[in-house]
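> Build me a model:
(one chain, ligands or ions: 2)
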Amino acid sequence: MASPQEILNDLKNVNYPGYSRDIVSFGMVRDVEVGTDVVTVTLAPGGAREEAIATIRADVEKRVAALTGIARVEVVVEAPPPPRHREPPRRADIPGVRNIIAVASGKGGVGKSTVAVNLALALKAKGRSVGLLDADVYGPSVPLLLGIVESTAGSDGDRIQPMHAHGLAAISLGLFISRGQPVIWRGPMINKLLTQFFRDVDWGELDYLVLDLPPGTGDAQLTIAQQAPLAGGVIVTTPQDVALLDVERGIQMFNQVGAPVLGVVENMSYHVCTSCGHRSEIFGHGGGARMAAKSDIPFLGEIPLARRIRETSDDGVPIVVAAPDGDHAKAFAALATRVEEQLEKRGHAALPMIH
Ligand SMILES: Nc1ncnc2c1ncn2[C@@H]1O[C@H](COP(=O)(O)OP(=O)(O)O)[C@@H](O)[C@H]1O
Ligand SMILES: [Mg+2]
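Ligands and ions are numbered 1, 2, ... in the order given. Here you go, the predicted model:
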């Protein structure tokens with residue numbers, strides 16, 4: 001007869017679906033009990049999805065039966081812990097704003113702002129009214145991307161007026177924080193400013209407010225994401241950055257604030273030669289799609305690596321506006337469509353007004 005320890009050792013051969021790590025090292029196996037004619041294995045599901053639990057359950061049953069020769073294997077799955085909210089999940093809606101979409105990435109330089117700005121413009125091109133809130137205090141680039149050289153944001157009585165560019169209403173936290181300030185002082189101030197931005201900015205009627213989060217998925221980003229009632233999150237990655245863990249952390253961050261993950265977009269995915277049209281996959285593309293499938297979240301599409309995308313951004317006229325009929329703009333239009341599809345699936349239909 002196998003001992004509980006032997007069974008536990010044997011369960012190290014059961015991998016968490018989609019991972020190379022096993023369920024024992026993940027801490028999922030809570031208890032193994034060996035009776036005379038039944039083996040009971042208790043699993044703590046953590047945040048695992050139902051399909052993953054079903055797969056694990058079947059694998060455990062098979063392994064334990066094979067090892068012990070006992071046909072009756074009971075797998076008990078503990079009730080999942082209630083979702084952890086560091087703060088009550090109820091946040092005041094922003095008057096006039098229908099859907100807030102946060103754009104996040106595991107690290108900087110993956111094109112998060114480029115995607116946020118062009119996604120906002122692609123939604124705008126579909127006839128929606130869109131605002132952009134640049135919450136990336138470490139590298140506020142939205143004003144530059146939109147060609148806003150000087151802040152025209154001002155207050156009007158007790159309301160803050162956003163800036164306007166290319167038909168978007170936009171505001172950047174970076175413009176309100178002096179550059180010289182040490183980052184350590186910024187935290188509380190950022191939160192205060194954000195609360196004010198959500199509450200006091202005169203956004204008007206918006207179908208979407210796109211939030212460009214600071215890079216990373218740590219506490220700072222979580223705190224920001226927590227301040228707004230998000231309709232969903234978009235995670236930006238690149239083929240070089242295809243780290244499942246990064247995306248998982250992004251998913252966890254959105255889970256913690258109770259926001260659905262709308263999906264992953266792979267930026268700088270492939271390169272199309274401007275002279276010969278040859279498509280090359282410099283970094284080996286497709287990782288984003290695989291990763292999305294593994295993490296069981298939607299894949300929202302891929303944006304090519306293209307000099308024109310960078311140049312138009314540097315010029316302050318992003319590609320969706322600079323070349324609205326080009327292939328790059330089409331890639332962003334497809335992204336916007338998938339984002340709207342995902343929102344709709346989650347009951348956040350834009351029900352856009354016709355502007
Ligand atoms: N698809 C792309 N093709 C070419 N250059 C890109 C693309 N996406 C982003 N870039 C460039 O990469 C740099 C980093 O992009 P940015 O959007 O500022 O990243 P992040 O906000 O993640 O730090 C910028 O110079 C930007 O113009
Ligand atoms: Mg940025």
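> now Arg310, nearest residue through space, not along the chain?
With sequence-adjacent residues excluded and distances taken as C-beta to C-beta, 6 or more residues apart in numbering, Arg310 is closest to Thr114, at 7.9 Å. (C-beta placed from N, C-alpha, C; glycine too.)
> my read is the one you found is in a strand, agree?
No - applying DSSP: H, G, I helix; E, B strand; the rest coil, one finds Thr114 to be helix, outside a strand.
> and it, how many neighbours?
24 (other C-beta atoms under 10 Å).
> Would you mark the buried spots in the lengthiest strand in the chain?
Longest strand in the chain by number of residues (criterion: DSSP state E): strand 261-272. For strand 261-272, the neighbour count (16 or more other C-beta atoms under 10 Å) marks 261-271 as buried.
> Repeat that for stretch 197-204.
For stretch 197-204, a neighbour-count test (16+ other C-beta under 10 Å) marks 197-198, 201, 203 as buried.
> Also stretch 327-342?
For stretch 327-342, a neighbour-count test (16+ other C-beta under 10 Å) marks 328-329, 331-333, 335-336, 338-340, 342 as buried.
> hmm, that stretch in reach of ligand 1?
No - between stretch 327-342 and ligand 1, judged by C-beta under 6 Å from any ligand atom, nothing touches; the nearest distance is 7.7 Å.
> what about that stretch, distance to the chain center?
Put simply, stretch 327-342 sits 16 Å off its chain's centre (C-alpha atoms, centre = their mean, to the nearest Å).
> Export only the CA atoms of that stretch, formatted as CSV.
Provided in CSV are the C-alpha atoms of stretch 327-342 (Å, rounded to 0.1, in the frame of the first residue of the first chain):
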residue,chain,number,x,y,z
ASP,A,327,-2.4,48.4,-43.1
HIS,A,328,-1.2,49.6,-39.7
ALA,A,329,-4.3,51.6,-39.0
LYS,A,330,-6.3,48.4,-40.0
ALA,A,331,-4.4,46.4,-37.5
PHE,A,332,-5.5,48.9,-34.8
ALA,A,333,-9.0,49.0,-36.2
ALA,A,334,-9.1,45.2,-35.8
LEU,A,335,-7.9,45.5,-32.3
ALA,A,336,-10.6,48.1,-31.5
THR,A,337,-13.2,45.7,-32.9
ARG,A,338,-12.0,42.8,-30.8
VAL,A,339,-11.9,45.0,-27.7
GLU,A,340,-15.5,46.0,-28.3
GLU,A,341,-16.5,42.4,-28.9
GLN,A,342,-15.0,41.4,-25.6
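> Low-confidence stretches in the stretch 1-150 of the chain?
For the stretch 1-150 of the chain, applying pLDDT under 70 flags the ranges 47, 80-92.
> Spell out which parts of it neighbour ligand 2.
With the criterion set to C-beta under 5 Å from the ion, the stretch 1-150 of the chain comes near ligand 2 through 113, 136, 139, 141.
> Apply 6 Å and report the result again.
For the stretch 1-150 of the chain, the residues in contact with ligand 2 (C-beta under 6 Å from the ion) are 112-113, 136, 139, 141.
> Just the buried ones from these, in PyMOL syntax?
In PyMOL, a selection of the buried entries from those looks like this (16+ other C-beta under 10 Å):
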select buried, resi 112+113+136+141
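> can you narrow the residues of the stretch 1-150 of the chain next to ligand 2 to ones near ligand 1?
When contact is defined as C-beta under 6 Å from any ligand atom, those meet ligand 1 at 112-113, 139, 141.
> In this protein, which residue sits nearest ligand 2?
Nearest residue of the chain to ligand 2, counting by C-beta to the ion: Ser113, 3.2 Å away.
> now, which of the buried residues of stretch 327-342 lie within helices?
328-329, 331-333, 335-336, 338-340, 342 (DSSP state H).
> So which of these is the closest to Leu43?
Gln342 (30.1 Å; C-beta to C-beta).
> that's a strand at Ile100, yeah?
Yes - membership of Ile100 in a strand is supported by three-state DSSP.
> show me the contacts for it.
Shown in contact with Ile100 (C-beta atoms under 8 Å, 6 or more residues apart in numbering): 94, 208-209, 211, 228-231.
> same question, Glu50
Glu50 sits next to no residue when contact means C-beta under 8 Å, 6+ apart.
> Surely the residue of the chain closest to ligand 2 touches Val142?
Yes - counting by C-beta atoms under 8 Å, Ser113 touches Val142, with 6.2 Å between them.
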